[in-house]
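Student: Sharing a sequence plus its predicted fold:
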Amino acid sequence: MSVRTSGITVAADSCPSGGPGHGTPPATGPGPDAPRAVPGTGIGLDPDDLPDGLVVADEHGRVICFNAAAARITDIAAQDALGRPLEQALPLQDIEGRRWWRLTDPYGGLAIRRGQPERNLLLGGREVLVSARYIRSRPTGPLHRLVVALRGTEARRRTELSHAELIATVAHELRSPLTSVKGFTATLLQKWERFTDDQKRLMLETVDADANRVTRLIAELLDISRIDSGRLEVRRQRVDMTAAVRRHVQAQTTAGQQPDRFLIRMLEPLPDLWADPDKVDQVLGNLLENAVRHGEGTVTIEVAPSSPTPPERGCTGTTVTVSDEGPGIPEESMSRVFTRFWRGSKRGGTGLGLYIVKGIVEAHGGTITVGRAPAGGAEFRFSLPVATPAFMV
């Protein structure tokens, strides 16, 4: 009898000989319970090779396999668990302190049960993620093997910490514009007649700008949620990348930047590009704003056909490079640029922009990299494949 774990078949009747989680070795040759090769690969598997903890109990409820990962996760030596009743070898409790094996009663109760879903349990004061599979000799028959998978909670804690940090960051960023909106609107309502038209216009423009900031923050939060869950939708239409770049440069100059700060290079002809126009605008806007805010000198935007590999395949898409002449990004920080909350040397913003940019580019099937520009500043380069229009998919 074998157990399939993570797509790999291992023997469940006993652990193979030789390691800390192993039972008594056979006298001669591999026994019937030795690990079996995966069909078509010729690869045998030792339970100690599994990344997760594996505990197997026989039909009498005694532990016959306790691999190295289980020993590491539980801090219980394999020799102390092998041969003992499962309830004694692995004394799990739920969050309320109740004994888990007595609650679930795997060897009694309903014979139609197939296992237990993963849940958070306590083992000697530490939290462990536990799931179980009931192996029966026949449907609704007695339990033949009980296979328990164990995982540590470190990864889940990191995820929960990341979510908590995201909530705290967004809440902090929302507080400032909402306070401004509330203050100006309350003042206008109470003292409308005391202000001149110019003063009223100034306060309303401030309210409008802060409302736009709140809208952007909410949009970022929704994008993060969609990227993390793999549900970021891409509605492909024909995109004129040249016009899009010029439009964003014009927006920067309208906002007060000097026109001579931007240099646009177009290497034509460009292939027809099918991408989501709104999301391409989001990528370009974020990269240009990042270069203007954190960089110095001339901001160069180059648009060119993607270099094919191998060359005989022809053009495969469009590549956009945004670089500046500032201090650039330290080498030790480049690996963290596209992670959440990375803000570089100057603080400000949520630190989510480049994380979202990477998610958008990859949702299009493209790639994005960061490096050092020839002039010494930061250089961001992203490539989008030609792709297919949405109405043809």
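Tutor: Good, I have the coordinates. Predicted model, so just to flag it, every value in this text is computed and none were measured. Numbering: from 1, shown residues only.
Student: now the stretch 151-300 of the chain, which segments are flagged as low pLDDT?
Tutor: Applying pLDDT under 70 to the stretch 151-300 of the chain picks out no residues at all.
Student: Show me the helices in it, by range?
Tutor: 154-190, 197-229, 241-254, 277-294 (DSSP state H, counting those that start in this stretch).
Student: who touches the shortest one?
Tutor: Which is helix 241-254. 259, 262, 264, 266, 268, 270, 273, 277, 280-281, 284-285, 288-289, 292, 301, 303, 318, 320 (CB atoms under 8 Å, 6 or more residues apart in numbering). The way it works is simple: take the backbone N, C-alpha and C, and place the C-beta from them, glycine included.
Student: Can you list the buried residues in that helix?
Tutor: For helix 241-254, burial by neighbour count (16 or more other CB atoms under 10 Å) applies to 241, 244, 245, 246, 248, 249, 252.
Student: Restricting to C-alpha, output that helix in CSV.
Tutor: What follows is helix 241-254, C-alpha atoms only, in CSV (Å, rounded to 0.1, in the frame of the first residue of the first chain):
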residue,chain,number,x,y,z
MET,A,241,2.7,52.7,-26.9
THR,A,242,4.2,55.8,-28.6
ALA,A,243,1.1,57.9,-28.0
ALA,A,244,0.8,56.5,-24.4
VAL,A,245,4.3,57.6,-23.5
ARG,A,246,3.9,61.0,-25.0
ARG,A,247,0.6,61.4,-23.1
HIS,A,248,2.2,60.6,-19.8
VAL,A,249,5.1,63.0,-20.4
GLN,A,250,2.6,65.7,-21.2
ALA,A,251,0.8,65.0,-17.9
GLN,A,252,4.1,65.4,-16.1
THR,A,253,4.9,68.8,-17.7
THR,A,254,1.3,70.0,-17.1
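Student: what angle do it and helix 277-294 make?
Tutor: Using axes from the mean of the first three to the mean of the last three CA atoms, to 10 degrees, one finds that helix 241-254 and helix 277-294 are set 40 degrees apart in direction.
Student: swap in the second one?
Tutor: Counting by the same axes, to 10 degrees, helix 197-229 lies at 110 degrees to helix 277-294.
Student: distance of residue 82 from residue 70?
Tutor: 11 Å (CB to CB, to the nearest Å).
Student: Between the two, which has more neighbouring residues?
Tutor: The residue with more neighbours, out of residue 82 and residue 70, is residue 70; 28 against 21, by other CB atoms under 10 Å.
Student: any idea what the more buried one is structurally, helix, strand or coil?
Tutor: When classified by DSSP: H, G, I helix; E, B strand; the rest coil, residue 70 comes out as helix.
Student: so where is the stretch 1-150 of the chain shaky, pLDDT-wise?
Tutor: Ranges of the stretch 1-150 of the chain meeting pLDDT under 70: 1-44.
Student: 90 - rerun?
Tutor: 1-51, 94-97, 108-111, 120, 124-127, 137-141 (pLDDT under 90).
Student: all helices of it, in order?
Tutor: Under DSSP H, counting those that start in this stretch, the stretch 1-150 of the chain gives helices at 68-74, 78-81, 86-89, 100-104.
Student: Which of those helices has the highest mean neighbour count?
Tutor: When the helices of the stretch 1-150 of the chain are scored by mean count of other CB atoms under 10 Å, the highest mean neighbour count falls to helix 68-74 (a mean of 21).
Student: CA atoms only for it, dumped as PDB, please.
Tutor: Provided in PDB are the C-alpha atoms of helix 68-74 (Å, rounded to 0.1, in the frame of the first residue of the first chain):
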ATOM      1  CA  ALA A  68      12.700  13.800   9.700                       C
ATOM      2  CA  ALA A  69      10.400  16.800   8.900                       C
ATOM      3  CA  ALA A  70       7.900  15.600  11.500                       C
ATOM      4  CA  ALA A  71      10.700  15.400  14.100                       C
ATOM      5  CA  ARG A  72      11.800  18.900  13.200                       C
ATOM      6  CA  ILE A  73       8.300  20.400  13.300                       C
ATOM      7  CA  THR A  74       7.100  18.600  16.500                       C
END
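Student: For it, which helices and strands make contact with it?
Tutor: Contacts defined by 3 or more CB pairs under 8 Å, 6 or more residues apart in numbering; DSSP states H and E place helix 68-74 against strand 53-57, helix 78-81, strand 143-151.
Student: In JSON lines: the helices of the stretch 151-300 of the chain, plus distance to residue 329.
Tutor: Shown next, in JSON lines, are the helices of the stretch 151-300 of the chain (distance: least, CB to CB, whole Å):
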{"stretch": "helix 154-190", "distance to residue 329": "21"}
{"stretch": "helix 197-229", "distance to residue 329": "21"}
{"stretch": "helix 241-254", "distance to residue 329": "21"}
{"stretch": "helix 277-294", "distance to residue 329": "9"}
